[in-house]
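Colleague: build me a structure from this.
(3 chains)
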Amino acid sequence: MTSLKLFAWVTLLAPLAGTIALGLLGRRLTGRAPGYLGTAALAVSFASAIAALFALQDLAEDERQVVAVAWDYASTVGVDAQLSLLVDPLSVFMMLIVAGVSMLIHLYSISYMASDRGYTRFFAYLNFFVFSMLLLVLAGNFLVLIIGWAFVGAASYLLISFWYRRATATRAGIKAFVINVLGDVGLVLGTFFIFRHTGTLDFLGTFERAGEAFAGNSADLTAGLILVLVGAFAKSAQIPLHTWLPDAMEGPTPVSALIHAATMVTAGVYLIARMHPLFELAPTAADVGAVIGCLTLLVAGTIAIAVTDLKRVIAYSTMSQIGYMIMGVSAGAYAAGLFHLMTHAFFKALLFMAAGSVIAAMAGQQNLDRMGGFRRAMPFTFGCMLIGGLALAAVPPFSGFFSKDEIMLLVGDRGGWYWILYVAGYVGALLTGVYAFRMIFRAFLGEPVAEARELEQGHLHHAEVHTNPATGEEEDSDVGFPGAEHHIAEREPTMKIAMGVLALLAIFGGLVQVPHVTHVVDGFLEPTFHDSALYERHPSDSLISLGVVLGTVAGVLGIAIAYLVWVRNPGLSGRVRERLAALHKLFVNKWFFDELIDALVVRPSRWFGSFAQQTFERVVVNGVLVGGTTGVVKAGSSAVRAAQTGFLRYYAALVVVGMVLMAFYFLVST
Amino acid sequence: MDIGWYLTVSALIFAIGAAGVLTRRSPLVILLCIELMLNAANLALIAFARMHGDPDGQIFAIIVMVVAACEVTIGLGIIVAMHRRRLPINVDELRELQG
Amino acid sequence: MAALLFFLAGTGAIAGAAGVVAMRNPFYSVLALVSHLLSLAALFLLLHAEFVAAAQVIVYAGAVMVLYVFVVAYVGGQDEPLGPRPGSGLRVVSLVFGAALFIELCIATLGSGLSLIDTRGTPVGAGFGSPGQIGELLLTRYLLAFELASFLLLIAAVGAVVLARRRGGVSAADDQARYSAMDLLRPANTGTMAEAVGVRRRLPPATERAGATEPEQAPVTDADR
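Modeller: Numbers count the residues shown, from 1 in each chain, chains lettered A, B, ... in the order given. Now for the predicted structure:
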């Protein structure tokens, strides 16, 4: 057990050591050394995670929830706050995914960010992010969870506004941070609601006491869990707190791959899975989660078929897939949801990496309208993107198929009104196929654009004038802006290795949980979820077969539609767009959520702020409070000052008159 | 004569001195009126000393005289300094220390 | 006999006091005060305070009043209008409150219930109020008061000298002599920035000072300005 705790600590602290080392030594390291240092820290972390896995499996099944306490923060007024880690199958599972995928993305970034002036800063921030995420998943009590949650938000902000001289990037970073803070508030308030009744912040303790603590207070529990869900939705970019995720694509592509695809946005899924005993006691909250997850996956899917920025298509895809995961874990399909988290991490990171390669070939341009025909120029990238797309579209035997299938299976198994979610899920799968291959066909098939032709000649296109891809503003390539050079996968071995490993995982990763054949994920996570009523489920064989068929059909049909519209009949998409102009407008404008939030939240806040400053501050505070009290004092003192006339005789008169009056008083009183 | 008469005279002189301080304009004369008041106090002290048969009052009166002398010295020094600086010797016009 | 003297001296005192207040010419006020003081000395004599009476005549009427006469002569005692500015209520106030003061004092002393007020006082021996008795008291019981009084006189004397010193102004010859002790103690070839710039006159080096009888003036050149 001690070795397990040790490995957990090493896994957690290795990235922190990396950050500190990079922060202190950064100036002295030249070339790509900071990149290697960062990746080495992550490699140590991943190795330690694997060791932790083995150490965990060495323990008996019912002992596999280990708490490692570092020290007590405070033990007062009924609050027991400790720095404790909970090492159990769920956290080791998340640890492996986070450390593993992060390591590969670090490897990718060694070359991708090579010419950027902020190279060392990038790796320092990235290591810090991994540390925060590991802290979050290893948290053993609410306090450490909230700390990790907040750190992750901060890291996200730092990395989104990495190119800090770009106004669009800083604005996006602020937007993400503000929405995340909103989620933080929800999380903290929810924690308080729960803590009020259970009296402990520790996870295992809370789960044990949850049954009798909330016996008569289920309304409190539901309210608390809905607040916690607010936090989960903000972090996982579910409706209505999702508006930050597309804007977060302003950050460098490795950041999008790591934070906004593989790890940070999955924190909400992890949260719901971790709190499953509480959710099972308050089914209303779980239902809310399932409904929001379903809504998100549909809305995001529709937007993804309309937007034209390559990274934003993938971002909305992420939002949609997380919708699946949230729906899954809210419906009780914990292992399935987490399994999809794992496969999604693989293929989404792969997709982002490939997209990064394409964008580099386009010298920083991200617009799909200007891309085309990169197939011959970038075969490796094309292959990776294809694998990622097939996994995303859930085509068997790629990994995405098995995980998404598992979720839909268990959702359908719940029965009742969950059938609506079941149908919606497969509609979403169809949309997924469409947008995934729309992206691939438009970028790689068709007539090669100028940049592709240049690349075929062996020359990587360089823009003369560096511009902001979103607004077209001119920039330079100095500190705070992207570097002057671009690196594509075909030319950089580290990028190839990273993408290759992920491609293999995307292809074969699903085989660990094939229905009726293998149960690796299920079995592994059993000790965490053994107290769950919904975990042990045996859906009927007919449902399994139905699911397999529907999944395959949806995926393949989606690809076929995409092929028809964008490859076979190039003008068809234009005509459809004109026919359904209103619908297209709705999708392209992201269902007007940004405008809605602006009208409901931003404008009133601004109005309130200016009211406070102009009127309240000026009139009440300055005028009445400050001016009033000083005015009273001033009036009093000028009244007293009137006695100082400067006349000598006036003073003498005062003395005499005073004396007379006093004498009079004394004479009278005796 | 009864002691009371002396005390009456003293009170009268004191009152006259006080009225003079309030009335006159020249600081020199105001000092003179202050002298009057001091002398009235002296008279009262001597009278009381006689009343009780105790010479303490006379000692007190001597000390008062010393104080009066010192005060006169300084007061007149100030008036001379004022005159040197061509300031008007008029308490109504010397009123800068106001506010 | 004593009553007659009392009335004469009393009238003199009151008349003198009234004269101080009422006379326009300050010189006449001073003279009125002198007569007042002499009358008061007579009253003191009636009260068996011989030493105090003598002191009053010699010190007060003699020295202090002479001082007043000198100052009035120096300052110039022009006739001046008598009262406060016309229109100010100060005149009425002073008269009213002066009268009120007098009445209150009378009530305070005469109505106080002191049993001896209506008599001539306790019988006293022959040496009462004599210089011997006063001297003995001053040097034994009231030694502290005596010493403090002399200290006060010293302070007054110093103050008078300070006030009367000639300060900046009338003749240029005064400027030369403004040096402090520090200047005399400073070594040669040292000085302050003010002196370098010419704001202050520089004292010549100590060697020269030892031989010279008068301090020279350092020439103020354009470079210094």
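
Colleague: please save the CA atoms from the helix or strand containing A:Leu596 in PDB.
Modeller: Applying DSSP states H and E as the criterion places A:Leu596 in helix A:593-597. Extracted in PDB, the C-alpha atoms of helix A:593-597 (Å, rounded to 0.1, in the frame of the first residue of the first chain):
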ATOM      1  CA  PHE A 593     -26.000  31.700 -27.300                       C
ATOM      2  CA  ASP A 594     -23.300  34.400 -27.200                       C
ATOM      3  CA  GLU A 595     -25.900  37.100 -28.000                       C
ATOM      4  CA  LEU A 596     -28.300  35.700 -25.500                       C
ATOM      5  CA  ILE A 597     -25.700  35.700 -22.700                       C
END
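
Colleague: now do the strands in chain A.
Modeller: Ranges of strands in chain A, per DSSP state E, are A:66-76, A:79-87.

Colleague: those: which one's closest to chain C?
Modeller: Nearest of the strands of chain A to chain C, taken as CB to the nearest CB: strand A:66-76 at 61.7 Å. (Each C-beta comes from the backbone N, C-alpha and C, glycine too.)

Colleague: and the closest residue to A:Gly173 other than its chain neighbours, its phi and psi?
Modeller: In space, and not counting its chain neighbours, A:Gly173 is closest to A:Ser161: 3.2 Å by CB to CB, 6 or more residues apart in numbering or on different chains. Dihedral pair for A:Ser161: phi -90, psi 40, per degrees, to the nearest 10.

Colleague: pretty sure A:Ala489 is touching A:Thr381, no?
Modeller: Yes. Counting by CB atoms under 8 Å, A:Thr381 is a contact partner of A:Ala489 at 5.0 Å.

Colleague: return the set of buried residues in the helix or strand where B:Ile79 lies.
Modeller: Per DSSP H and E: B:Ile79 is located in helix B:56-84. Buried residues in helix B:56-84, counted by 16 or more other CB atoms under 10 Å in any protein chain shown: B:57-66, B:68-80, B:82, B:84.

Colleague: separation between the closest residue to chain B within the stretch 451-600 of chain A and A:Ser161?
Modeller: As assessed by CB to the nearest CB, chain B sits closest to A:Asp598 within the stretch 451-600 of chain A, at 58.1 Å. Remark: distance between A:Asp598 and A:Ser161 (CB to CB, to the nearest Å) = 20 Å.

Colleague: kindly report the same for A:His242.
Modeller: In terms of CB to CB, A:His242 sits 19 Å off from A:Ser161.

Colleague: what's the neighbour count on residue 20?
Modeller: All of this is about chain A. By other CB atoms under 10 Å in any protein chain shown, 16 other residues sit near A:Ile20.

Colleague: correction: the question concerned chain B.
Modeller: Counted with other CB under 10 Å, residues neighbouring B:Gly20 total 24.

Colleague: state the distance from it to C:Leu33.
Modeller: The value you get for B:Gly20 to C:Leu33, if CB to CB is used, is 11 Å.

Colleague: intersection of neighbour lists for those two?
Modeller: Common contacts of B:Gly20 and C:Leu33 (CB atoms under 8 Å, 6 or more residues apart in numbering or on different chains): B:Leu32, B:Leu36, C:Val20.

Colleague: among those, which lie within helices?
Modeller: Of the shared contacts of B:Gly20 and C:Leu33, the ones assigned to helices by DSSP state H are B:Leu32, B:Leu36, C:Val20.
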